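# let's see this in three dimensions:
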Amino acid sequence: MFRHAAKLLHRPVPAAAARGAPSRPFSADLPAAEAAAAADGAFVEAWKKVVPNIDPPKTPLSFMLPRPATPSAIPSKLTVNFVLPYASELSAKEVDMVIVPATTGQLGVLPGHVPTIAELRPGLMSVHDGNDVTKYFVSSGFAFIHANSYADIIAVEAVPIDRIDANLVQKGLAEFTQKVNTASTDLEKAEAQIGVDVHSALNSALTG
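As a prediction, this is how the structure comes out:
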């Protein structure tokens, strides 16, 4: 029964995708509204044939808002969204530049930056808007830089740098360094080393 249902619910594949070409641009723009509506309509009709007593689930397209098209000229500002699992720190904020701690090094993003996906490491993130600079310590996450001068930064944890207690950082660094030296198993040593790395990054953020 489920195999039969899977056939009925199969979405049609666009001709371009069937030939191996991308079905939509590389940027975060949504497909044409007509094409999206047609694909969703076909899915809903197929769903009703299989399970008519249950409302069909919403598709991802139902929750996505189209991004502005890639401008022909480089804009003067970078639009930044900075979100955590429990909060939105920045929402569509226009700034001059943002610097994020990528695993490959500090990554500066200006308007017109090439599309990039960067993994974040524990470190200092700074948001520059004129003479104002807001600094955060981020634990990990990803930065998505789009061709239309939008940047989406998703962090697992982040805190403004001015809310970090330097004394607690030094104390934690000393404790985890001692645990590395006294660890009796590989697991204990690995966990302690993570603590050392994070507290070292915190210390660098505070002193840098």
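# from the contact counts, what lies against the helix or strand where Val169 lies?
Using DSSP states H and E, Val169 sits in helix 166-182. Packing contacts for helix 166-182, counted by 3 or more C-beta pairs under 8 Å, 6 or more residues apart in numbering; DSSP states H and E, involve helix 186-207. Any C-beta I mention is one placed from the backbone N, CA and C, and that applies to glycine too.
# what does the helix it packs on contact?
Residues outside helix 186-207 that contact it (C-beta atoms under 8 Å, 6 or more residues apart in numbering): 101, 121-124, 135, 137, 139, 161, 164, 166, 169-170, 172-173, 175-177, 179-180, 183.
# between the helix holding Val169 and helix 186-207, how many degrees?
150 degrees (axes from the mean of the first three to the mean of the last three C-alpha atoms, to 10 degrees).
# what average pLDDT does helix 166-182 get?
Helix 166-182 carries an average pLDDT of 93.
# and if you look at stretch 97-111?
What stretch 97-111 shows for mean pLDDT is 95.
# list the buried residues for it?
By neighbour count with 16 or more other C-beta atoms under 10 Å, stretch 97-111 contains the buried residues 97-102, 107, 109-111.
# show me the strands in this protein, by range?
78-84, 87-95, 97-102, 105-109, 116-120, 123-129, 132-138, 141-145, 150-155, 158-160 (DSSP state E).
# what pLDDT does the closest residue to Phe176 other than its chain neighbours get?
Spatial nearest neighbour of Phe176, excluding adjacent residues (C-beta to C-beta, 6 or more residues apart in numbering): Gly195 at 3.4 Å. Gly195 carries a pLDDT value of 92.
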